[in-house]
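Chemist: Sequence and computational prediction follow.
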Amino acid sequence: MRDIDQFIVITEIDRGVEFAEPIFQRKYRTHAPDFPYHVVSFWKRGDGSFVPISYVHFWQRDRMMLIGGACTDGNVLRRMSDAERAAIDAAGGVNLLATRYALRRYGPLCDVVFGHCGDARSFGILMRCGFQPAKAPYLIAYWPRLLDERRRQALIAEADAIGPF
């Protein structure tokens with residue numbers, strides 16, 4: 001099995017929409033968000049070139065971050081070697097790695113990261129990253145710091161008022 005750090009690079013990119021658009025279009029049939037923050041995962045091919053393989057979008061509203069638009073390019077996954085796919089599977093998938101990267105990067109910037117999740121696979125990934133159900137049926141939260149219950153409930157109400165994101 002290959003070491004995943006040898007062939008997967010995850011980073012924030014200022015103009016990430018340029019890399020995310022084809023993956024986002026294939027998954028959601030709409031344009032990728034054109035405002036910060038863009039987390040893109042790249043596959044480093046044997047020839048040294050980098051190919052976008054996944055995308056996750058975050059955006060900030062005051063002291064909260066919202067996560068959405070996670071998607072992976074299955075066509076790129078199929079072009080990888082068996083050893084590379086096995087390493088990705090063993091690591092929990094590219095979106096899990098990208099979400100953990102983003103939480104380390106953006107967690108210090110906010111009081112909470114919210115997701116609005118109706119997809120079972122995405123829900124499972126976010127739960128493995130430390131998210132918790134916040135309000136049925138779809139709102140989930142990652143709390144990077146301790147907050148009193150009143151503040152938590154106010155943030156949950158604010159995120160819930162946004163609706164799907």
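Modeler: Received, thanks. Residues are numbered from 1 along each chain as shown.
Chemist: give me the low-pLDDT residue ranges for this protein?
Modeler: 1-2 (pLDDT under 70).
Chemist: What's the separation between R150 and A134?
Modeler: Distance of R150 to A134, computed by CB to CB, to the nearest Å: 15 Å. Every residue, glycine included, has its C-beta placed from N, CA and C.
Chemist: Which one of the two is surrounded by more residues?
Modeler: When neighbours are counted by other CB atoms under 10 Å, A134 comes out ahead of the other of R150 and A134, with 22 against 8.
Chemist: does that one count as helix, strand or coil?
Modeler: strand (DSSP: H, G, I helix; E, B strand; the rest coil).
Chemist: need the contact list for it.
Modeler: Contacts for A134 (CB atoms under 8 Å, 6 or more residues apart in numbering) come out as 114, 140-141, 156, 159-160.
Chemist: which of the residues you listed are buried?
Modeler: For the contacts of A134, a neighbour count by 16 or more other CB atoms under 10 Å gives the buried set as 114, 140-141, 156, 159.
Chemist: I'd like to know which of these are part of strands.
Modeler: Residues of the buried ones among the contacts of A134 located in strands (DSSP state E): 114, 140-141.
Chemist: so what's P108 closest to, chain neighbours aside?
Modeler: P144 (6.9 Å; CB to CB, 6 or more residues apart in numbering).
Chemist: what about the one you found, neighbour count?
Modeler: So P144, with other CB under 10 Å, has 17 neighbours.
Chemist: my guess is it contacts R104, does it?
Modeler: No: using CB atoms under 8 Å, P144 makes no contact with R104, being 9.4 Å away.
Chemist: closest to Y37 among the contacts of A134?
Modeler: Ranked by distance to Y37 (CB to CB), these are led by F114 at 14.2 Å.
Chemist: That closest one touches A141, doesn't it?
Modeler: Yes: using CB under 8 Å, F114 makes contact with A141 at a distance of 5.5 Å.
Chemist: Report the buried residues of the helix or strand where I23 lies.
Modeler: Assigned by DSSP states H and E, I23 falls within helix 17-28. Under the neighbour-count criterion of 16+ other CB under 10 Å, helix 17-28 has 17, 19-20, 23-24, 27 buried.
Chemist: Tabulate the residues you listed (CSV), appending distance to G93.
Modeler: Compiled in CSV, those are given as follows (distance: CB to CB, whole Å):
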residue, distance to G93
V17, 22
F19, 19
A20, 17
I23, 14
F24, 17
K27, 14
